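J.: The amino acid sequence is not available; the structure is as follows:
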């Protein structure tokens, strides 16, 4: 993903990654999260992204640089982060958790739904509010731009005529 | 922590770090957005791993919330990218370095 030049290839690589993650979730026994992963990410977000990539059709100049000036600091931060987290996970190897590990059928959709609607109902409602706010904001951004464009066209017409 | 969970945690760390590296070093706005999605995926994988390890169901709720936040983020970011591209016909973020706010 980091070395591919075309955004469409990056999108296809990301879709492959998400499908693989969905397969991992399925093998871990959390089937509904695997279904969410495939439905929401691959089915909604990445389809949206692919449509936008095909819609924009912006050709970058061939001599355009692929990487920004932060390539070396970014690489250093990447290596440091990978090292620190990797070592911490490595040192946590011997620790055992207190809770019992989940078996494959212990956490299904039923438990998830009851937990969501009984204990976390406030967060659930807040997500609906967040989604509505996102939709309204996206529409507002588009509408404001259209109004500005229409006014520009109208002023151009009035100056020309 | 057994071997399987450790491998999954390493995978999630690698995904998150690669996403962060992509956001930092790439110049294409859409590629940066997709790298943010990769970071969210890494966090999701670690949450599912911890949920599977500890047997606490709250991780699933958090994963669901991350899904919702990712969807909302894309729904906001894509129109902004569309408007920026209409303005200058370029996806390069360096072309917008004269923005003031």
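T.: Nice, I can see it. Note that the coordinates shown come from a computational prediction; the quantities given were computed from them, not determined experimentally.

J.: Please count neighbours and contacts with C-alpha atoms only from this point.
T.: Fine.

J.: where does chain A have its least confident helix or strand?
T.: Least confident element among the helices and strands of chain A, by mean pLDDT, DSSP states H and E: helix A:109-118 (a mean of 80).

J.: quick check: longest helix of chain A.
T.: helix A:121-160 (DSSP state H).

J.: Determine whether any part of that one lies close to chain B.
T.: Yes: counting by Cα under 8 Å from any Cα of the partner chain, chain B is contacted by helix A:121-160 at A:127, A:130, A:131, A:134, A:135, A:137, A:138, A:141, A:142, A:145.

J.: Chain neighbours aside, what residue packs nearest to the third one?
T.: When you say that, I think you mean residue A:131. Nearest non-adjacent residue to residue A:131, counting by Cα to Cα, 6 or more residues apart in numbering or on different chains: residue B:72, 6.0 Å away.

J.: go on, the fourth one?
T.: Once its chain neighbours are removed from consideration, residue A:134 has its nearest residue in residue B:72; the separation is 5.6 Å (Cα to Cα, 6+ apart).

J.: got it, and the fifth one?
T.: The spatially closest residue to residue A:135, leaving aside those adjacent along the chain, is residue B:75, at 7.1 Å (Cα to Cα, 6+ apart).

J.: average model confidence for the helix or strand harbouring that neighbour?
T.: With elements taken from DSSP states H and E, the one containing residue B:75 is helix B:58-88. The pLDDT scores in helix B:58-88 average 87.

J.: Okay, angle between it and helix A:109-118 too, please.
T.: Here helix B:58-88 points in a direction 80 degrees away from that of helix A:109-118 (axes from the mean of the first three to the mean of the last three Cα atoms, to 10 degrees).

J.: Please name the residues that touch residue B:88.
T.: By Cα atoms under 8 Å, 6 or more residues apart in numbering or on different chains, residue B:88 lies in contact with residue B:95.

J.: hmm, 10 Å instead?
T.: Neighbouring residues of residue B:88 by Cα atoms under 10 Å, 6 or more residues apart in numbering or on different chains: B:95, B:96.

J.: Distance of it relative to chain A?
T.: Here residue B:88 is placed at a distance of 10 Å from chain A (Cα to the nearest Cα, to the nearest Å).

J.: got it, and residue B:63?
T.: Counting by Cα to the nearest Cα, the gap from residue B:63 to chain A is 8 Å.

J.: if you skip the residues just before and after it, what's nearest to that residue?
T.: Per Cα to Cα, 6+ apart, closest to residue B:63 is residue B:44, 5.8 Å.

J.: Could you list the low-confidence segments of chain A?
T.: For chain A, applying pLDDT under 70 flags the ranges A:59-64, A:94-107, A:160-161.
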